[in-house]
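[1] below is the sequence, then the predicted model.
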Amino acid sequence: MISKQETGRQLIHIIVGIVTVILIYFNILSPISLLALIIIGILASFICKRRKLFLFSLFLKHFERENMQKKFPGKGLIFFFIGVLLVVQLFEKDIALASIMVLTFGDSISHLVGAKYGKLKNIFNWKGRKLLEGTIAGTIAGFLGAMIFVHPALAFIGSATAMFAEVVKIDFNDNTLDDNLVVPLIAGTVMFIVRIVV
């Protein structure tokens with residue numbers, strides 16, 4: 001069962017993703033602007049661990065996972081923009097935007113569908129929290145979003161690979177890498193390689 005807070009969190013994720021893609025597409029949001037947002041987010045997170053920051057703290061109260069409110073306030077949003085900045089800097093604009101769409105729709109829809117309708121455990125998820133229905137729905141949603149910017153075959157391969165990577169959970173130095181980094185980087189890298197090879 002999915003909570004109202006988690007549903008709201010995923011809807012915010014989708015809205016922020018769509019707005020970000022639009023702003024990047026029209027060259028309104030530059031890499032420097034993204035870096036500034038990340039720095040502001042890190043500073044706000046640091047302050048929020050010690051005292052309330054009017055709007056930021058209110059936002060976190062309603063949309064942040066409870067365990068993260070104490071450990072790393074705003075982690076999801078901060079890592080979202082780090083993932084966006086990385087793909088914008090590493091790949092051509094169409095692949096970068098397609099990767100952000102996979103992150104925006106694939107990641108969110110997989111959580112929502114998996115939590116609400118999921119019954120089948122994903123064989124590639126050793127911790128058992130990711131469900132097959134969520135992975136399939138996330139792949140389709142990410143594919144449809146990415147297809148706006150790249151060829152459908154490229155969009156599908158990028159989305160499917162990124163959703164598989166999200167299930168597997170990539171660990172670095174005993175810490176699991178955040179989905180908001182893994183999903184766009186895997187999607188972008190795969191689409192970039194396939195474009196070069198094919």
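    It's in. Numbering: from 1, shown residues only.
[2] tell me which stretches of this structure form helices.
    Assigned by DSSP state H, the chain shows helices spanning 4-25, 31-48, 54-63, 66-71, 75-90, 93-101, 108-117, 132-146, 152-168, 179-197.
[3] tabulate the ones you listed (a markdown table), appending mean pLDDT and mean neighbour count.
    Any C-beta I mention is one placed from the backbone N, CA and C, and that applies to glycine too. Formatted as a markdown table, the helices of the chain follow (pLDDT from 0 to 100; neighbours: other C-beta atoms under 10 Å):
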| stretch | mean pLDDT | mean neighbour count |
| --- | --- | --- |
| helix 4-25 | 92 | 16 |
| helix 31-48 | 92 | 15 |
| helix 54-63 | 64 | 14 |
| helix 66-71 | 64 | 11 |
| helix 75-90 | 95 | 21 |
| helix 93-101 | 98 | 25 |
| helix 108-117 | 85 | 21 |
| helix 132-146 | 94 | 24 |
| helix 152-168 | 93 | 22 |
| helix 179-197 | 96 | 21 |
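[4] got phi/psi on the residue lying farthest from the centre of the chain?
    Farthest-out residue of the chain from its mean C-alpha position, per C-alpha atoms, centre = their mean: R51, at 27.5 Å. Backbone torsions of R51, given as degrees, to the nearest 10, read phi -160, psi 170.
[5] my guess is G106 contacts F164. True?
    No: between G106 and F164 there is no contact under C-beta atoms under 8 Å: 10.7 Å.
[6] skipping adjacent residues, who's closest to L77 in space?
    With C-beta to C-beta, 6 or more residues apart in numbering as the criterion, L77 has its nearest non-adjacent residue at 6.0 Å, and that residue is G41.
[7] I should have written I38 there, sorry.
    Going by C-beta to C-beta, 6+ apart, I38 has F81 as its nearest residue, at 5.0 Å.
[8] and the one you found, how far is that from R9?
    In this view, F81 and R9 are 16 Å apart by C-beta to C-beta, to the nearest Å.
[9] try K116
    With C-beta to C-beta as the criterion, K116 and R9 are 14 Å apart.
[10] how about I82?
    Distance from I82 to R9, by C-beta to C-beta: 18 Å.
[11] show me the contacts for the closest residue to V150 other than its chain neighbours.
    In this structure, V150 finds its nearest non-sequential neighbour in A98, 4.5 Å apart by C-beta to C-beta, 6+ apart. By C-beta atoms under 8 Å, 6 or more residues apart in numbering, the residues touching A98 are G145, A146, M147, I148, F149, V150, L154, A155, G158, A187, G188, M191.
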